[in-house]
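S.K.: Need a 3D model of the sequence below.
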Amino acid sequence: MKKTTTIASALLISTFILGAASPAFAEQVAAPTTDATVKFKSEAQDADNGGNTIDPTNPGGDGVKPDTGEGSTGTKGPLRVDFAPNFKFGTVTMSGNAAKYHPVYPKVNLLDKTGKLTEPLQSKYVPHYVQVTDNRGTNEGWQLTASATAFQGTKDPKADLKATLTLGHSEFSTAVIGETLKPGTLNTNITLNSIPQTFIQAEVNQGMGSWAAVFSKDKTTEFSNLDTNPNITLSVPADSKKDATEEYKSTITWTLSSTPTAP
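M.R.: Down below sits the predicted model:
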């Protein structure tokens, strides 16, 4: 009996193993097909970010809203300038020699995950930056130019400071994934004048999403309201006539245009 039982068990095990290894053949009864569909609509021509931008020093974060008076409120539409900065040099000491000055860093207010200002309000100072958003979905490319008027007196427009404004080193900051999507041209060391000069150029299949050009090599240092940005320079020549009762002002124009080019 022992021998019979042992053999029977072995046979049962072998049958089980063979059965498990054998392919199962099923008769195909039907193979219906279904569809997955999607349509797109253009973003509204009056679309904007409500004054919000990415955080130039932490683009993967919840974003920021520049404080009142720190720059433009942005343009509208699927292709837009979300923010362009003011450059505040404040009150500086006169010099009989040629002199260079740098503006204080702008103040931004932090947003929470819902896109609203944090409560209690949290703020910080960041390098100056310009942000462009392209939500057109056409991948045509775009161009941002900059020009500036002369530094003239606000009380006496004939009072010309003879000064120049230079946009120095800048780097892209973005939450967009994909190095090939980065705009191909970011010009640095531009001395502004009345003739528009190309600052950023995105060719076909570049520049989709939001891109900030940040005027800094350092995105980790915590700045204060007393720190100045060495990447933005106001140059005043020695022969400039200065009036302590006057405030001198230059208006900077940031022009964004669609520039389809051949791939």
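S.K.: ok, now how distant is the nearest residue to Pro183 once chain neighbours are set aside from Thr91?
M.R.: Spatially, and ignoring its direct neighbours in sequence, Pro183 is nearest to Ala202 (3.8 Å; Cβ to Cβ, 6 or more residues apart in numbering). C-beta coordinates here come from the backbone N, C-alpha and C atoms, glycine included. According to Cβ to Cβ, to the nearest Å, Ala202 and Thr91 sit 38 Å apart.
S.K.: Hmm, Val126 and Thr220 touching each other?
M.R.: No. Judged on Cβ atoms under 8 Å, Thr220 makes no contact with Val126 at a distance of 11.3 Å.
S.K.: what's the overlap in contacts for the two?
M.R.: Thr57 (Cβ atoms under 8 Å, 6 or more residues apart in numbering).
S.K.: if you go through the stretch 151-263 of the chain in chain order, where are the strands?
M.R.: Here the stretch 151-263 of the chain has its strands, by DSSP state E, counting those that start in this stretch, at 152-153, 164-167, 171-173, 185-186, 190-191, 197-202, 209-214, 232-236, 248-249, 252-258.
S.K.: With mean pLDDT added, can I get those in CSV?
M.R.: What follows is the strands of the stretch 151-263 of the chain, written out as CSV (pLDDT from 0 to 100):
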stretch, mean pLDDT
strand 152-153, 96
strand 164-167, 98
strand 171-173, 96
strand 185-186, 96
strand 190-191, 98
strand 197-202, 96
strand 209-214, 97
strand 232-236, 98
strand 248-249, 97
strand 252-258, 96
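S.K.: which of those strands sits most buried?
M.R.: Ranked by mean neighbour count, these are led by strand 209-214 with a mean of 23 (mean count of other Cβ atoms under 10 Å).
S.K.: for that strand, packing partners?
M.R.: strand 129-134, strand 171-173, strand 197-202 (3 or more Cβ pairs under 8 Å, 6 or more residues apart in numbering; DSSP states H and E).
S.K.: strands paired with the second one, and their directions?
M.R.: In its sheet, strand 171-173 lies beside strand 209-214 (antiparallel), with partners assigned from DSSP bridges.
S.K.: Okay, Ser258 and Gly77: tell me how far apart.
M.R.: Taken as Cβ to Cβ, the span from Ser258 to Gly77 is 10 Å.
S.K.: What of Gly96?
M.R.: When Gly96 is compared with Gly77 (using Cβ to Cβ), they lie 48 Å apart.
S.K.: okay, the two: which has more neighbours?
M.R.: Gly77 (17 against 9; other Cβ atoms under 10 Å).
S.K.: so the more buried one touches Asn49, yeah?
M.R.: No. The pair Gly77 / Asn49 is not scored as a contact, 11.5 Å apart, by Cβ under 8 Å.
S.K.: any shared contact partners between those two?
M.R.: With Cβ under 8 Å, 6+ apart, Gly77 and Asn49 have no common neighbours.
S.K.: re earlier: these two touch, right, the residue nearest to Pro183 and Trp142?
M.R.: Yes. With contacts counted by Cβ under 8 Å, Ala202 reaches Trp142, the gap being 5.1 Å.
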